[in-house]
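K.L.:
What follows is a protein structure lacking sequence information:
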């Protein structure tokens with residue numbers, strides 16, 4: 001099987017820390033990167049979650065609905081009711 005070089009730009013401090021980590025677990029950077037690539041190809045996904053700090057659209061819409069309801073009623077909810085509703089929304 002033919003092998004090729006893969007060039008990747010990384011922060012110098014991150015590279016040094018990653019090399020130190022790899023050495024501490026008994027492998028080199030090339031082995032670690034190859035393990036990452038094999039895991040992605042095998043699982044057909046990244047082996048970790050990629051998230052943003054932005055609210056999920058569903059959560060945002062639910063908050064807007066709650067705001068409309070709150071402004072259209074005199075009913076008030078306890079702290080426990082609110083926490084339960086939030087837990088139900090974000091699961």
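P.N.:
Cool, got the structure. Quantities reported herein were computed from a predicted structural model and do not represent experimental measurements.

K.L.:
Under the pLDDT cut-off, which ranges of the protein? List them.
P.N.:
Along the chain, the model assigns pLDDT under 70 to residues 53-55, 91.

K.L.:
Specify the residue ranges that define each domain of it.
P.N.:
1-48, 57-90 (automatic domain parsing).

K.L.:
Adding mean neighbour count, write those domains out as CSV.
P.N.:
Backbone N, C-alpha and C define where each C-beta goes, glycine included. Formatted as CSV, the domains of the chain follow (neighbours: other C-beta atoms under 10 Å):
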stretch, mean neighbour count
domain 1-48, 10
domain 57-90, 10
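
K.L.:
sec struct for the residue lying farthest from the centre of the chain, please.
P.N.:
Largest separation from the mean C-alpha position in the chain: residue 74, at 38.8 Å (C-alpha atoms, centre = their mean). What DSSP: H, G, I helix; E, B strand; the rest coil gives for residue 74 is coil.

K.L.:
Check the gap between it and residue 62 for me.
P.N.:
Distance from residue 74 to residue 62, counting by C-beta to C-beta, to the nearest Å: 21 Å.

K.L.:
try residue 2
P.N.:
Residue 2 is 52 Å from residue 62, where distance means C-beta to C-beta.

K.L.:
In which helix or strand does residue 59 reside?
P.N.:
helix 57-71 (DSSP states H and E).

K.L.:
Output the contacting helices and strands for that helix.
P.N.:
helix 79-90 (3 or more C-beta pairs under 8 Å, 6 or more residues apart in numbering; DSSP states H and E).

K.L.:
what's the helix it packs on in contact with?
P.N.:
56, 58-59, 62, 66, 77 (C-beta atoms under 8 Å, 6 or more residues apart in numbering).

K.L.:
let's see it at 10 Å
P.N.:
55-56, 58-59, 61-63, 65-66, 76-78 (C-beta atoms under 10 Å, 6 or more residues apart in numbering).

K.L.:
do the same with stretch 44-52
P.N.:
With C-beta under 10 Å, 6+ apart, stretch 44-52 has contacts from 35-36, 38-40.
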